[in-house]
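K.L.:
Model the structure of this input:
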Amino acid sequence: MRVRVRGGQRERGVGRGGERRRGQRRGPVRRRVSDDIRATLVEHVINHGLSMREAGQRVHPNLSRYTVASIIRTFRLENRMVAQPPRGGRQRLFTQQQELAIIEMVRENNANRLRDLQQCIIADGNVFNSINRVSISTLSRILHKHNFRM
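P.N.:
Okay, the predicted model is just below:
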C-alpha cells in the first residue's frame, strides 16, 4: 500500500517501496576518535569535573555524550586512553622478506610472466617454505604495491 504525501515527499532515507538497497548501512557513519581527543576528554571529565556532554561539546562539537561515556568507562575500568588496534581479518600470505625476494626475482628477469613467477615461488623451498600455492592476482597486487610492472 502506498501512502501519498503532499508534495510527493517520502520518509527520509527510504527508497521506493520502503526497501533498502544492498550495501546501505543503517544509522550514521562510525568514525574513530583519535587518541589525543580521547586524552583531552579524560582530562576534562576527570581532572576538571566537566559533565560528559560539556566535555564532548568543548572538545569536538559533534561528539555524542554516549561516546564520551564509553571513553571514560574504558579509562576507569582498563586504565587506558588509547584506542585498541583493529583486530581480525585475514593474515598476510607473504612476510616482508618474502615480498622483497619476489621483487628481486622480478628484477633479475623481467621477461618472466606471472605464471612463471608463480611456479618459481611454489618450487622454491628455501625462502618460500610455507607457501604451497599462490594466486596470480596476489602476485600482481604485490608487484603493484612495490611499483613494478611485468
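
K.L.:
From Arg32, how far off is the spatially most central residue of the chain?
P.N.:
With distances taken as CA atoms, centre = their mean, Pro86 lies nearest the centre of the chain, 7.3 Å away. From Pro86 across to Arg32, the span is 9 Å (CB to CB, to the nearest Å). Heads up, the C-betas are built off the backbone N, CA and C, glycines and all.

K.L.:
next one: Phe128
P.N.:
36 Å.

K.L.:
And the two? Which one has more around it.
P.N.:
Per other CB atoms under 10 Å, whichever of Phe128 and Arg32 has more neighbours is Phe128, with 18 against 9.

K.L.:
and the more buried one, what does it touch?
P.N.:
Phe128 makes contacts with 98, 101, 121-122, as judged by CB atoms under 8 Å, 6 or more residues apart in numbering.

K.L.:
For ChimeraX, what selects the buried ones among the residues you listed?
P.N.:
To isolate the buried members of the contacts of Phe128 in ChimeraX, using 16 or more other CB atoms under 10 Å:
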select :98,101,121
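
K.L.:
elements contacting the helix or strand hosting Leu143?
P.N.:
For Leu143, the host element (DSSP states H and E) is helix 136-145. Secondary-structure packing of helix 136-145 (3 or more CB pairs under 8 Å, 6 or more residues apart in numbering; DSSP states H and E): helix 96-108, helix 114-123.

K.L.:
first vs last residue of stretch 117-134, how far apart are they?
P.N.:
10 Å (CA to CA, to the nearest Å).

K.L.:
whoops, stretch 77-88 was the one
P.N.:
Start-to-end, stretch 77-88 (CA to CA) is 23 Å.

K.L.:
do the same with stretch 117-130
P.N.:
End to end - CA to CA - stretch 117-130 spans 16 Å.

K.L.:
Residues contacting the helix or strand where Gly56 lies, please?
P.N.:
Using DSSP H and E, Gly56 falls within helix 52-59. Contacts to helix 52-59, defined as CB under 8 Å, 6+ apart, come from residues 37, 40-41, 44-45, 50, 63-65, 67-69, 72.
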